[in-house]
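Colleague: The following comprises the amino acid sequence and a computationally predicted model.
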Amino acid sequence: SGQLHELYTFACGLYTLWAATRLSTLLYNWAVQGLALFFQKVKEWSVVMVKCVYFALTVFGLIPVLFGLLYEMILLLPIRVPLHHTPVHLLWQDWGLGVLFVKILYAGTLTGPDWH
């Protein structure tokens with residue numbers, strides 16, 4: 001058992017040295033090319049990161065919430081809440097329900113017929 005942990009420690013050390021070497025060569029290449037190019041690359045990658053965050057929030061946040069709200073308003077609220085009461089929407093529950101429905105729709109889409 002002791003030898004196994006020693007191997008993991010050795011692998012982690014090698015990976016750390018490899019990552020440090022890659023980072024140092026990257027920083028050296030950026031320093032040689034100039035500071036203006038560095039800031040241009042930072043600007044380009046920050047735009048890419050903002051787009052990725054927007055996509056992730058839309059796909060993993062907004063779409064499941066909307067599916068969950070749709071299901072709750074059409075099917076659950078008329079059954080659960082009487083006409084003279086005000087419904088309370090719990091967005092975390094709607095989001096969880098929406099995630100479930102998005103997974104079901106995704107699985108149904110993937111297992112559907114091949115339209116070649």
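Modeller: Everything's here; your move. Since the model is a prediction, treat every value here as computed from it, not as a measurement. Numbers count the residues shown, from 1 in each chain.
Colleague: Least confident secondary structure element in this structure?
Modeller: helix 2-33 (a mean of 87; mean pLDDT, DSSP states H and E).
Colleague: Now do the buried residues in whichever strand or helix holds Leu70.
Modeller: For Leu70, the host element (DSSP states H and E) is helix 63-71. Using 16 or more other Cβ atoms under 10 Å as the test for burial, helix 63-71 gives 63-65, 67-69, 71. In short, each C-beta sits where N, CA and C put it, glycine included.
Colleague: same thing with stretch 35-42?
Modeller: Within stretch 35-42, no residue counts as buried by 16+ other Cβ under 10 Å.
Colleague: Return that stretch as PDB; C-alpha atoms alone will do.
Modeller: The C-alpha trace of stretch 35-42 is given here as PDB (Å, rounded to 0.1, in the frame of the first residue of the first chain):
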ATOM      1  CA  LEU A  35       2.900  43.700 -23.700                       C
ATOM      2  CA  ALA A  36       0.500  44.900 -26.300                       C
ATOM      3  CA  LEU A  37       0.100  41.400 -27.800                       C
ATOM      4  CA  PHE A  38      -0.400  40.100 -24.200                       C
ATOM      5  CA  PHE A  39      -3.300  42.500 -23.500                       C
ATOM      6  CA  GLN A  40      -4.800  41.700 -27.000                       C
ATOM      7  CA  LYS A  41      -4.800  38.000 -26.200                       C
ATOM      8  CA  VAL A  42      -6.300  38.700 -22.700                       C
END
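Colleague: Just the pLDDT at the residue nearest to the spatial centre of the chain, thanks.
Modeller: Taking Cα atoms, centre = their mean, the centroid of the chain lies closest to Ala56, which sits 4.9 Å from it. Each residue has a pLDDT score; the one for Ala56 is 96.
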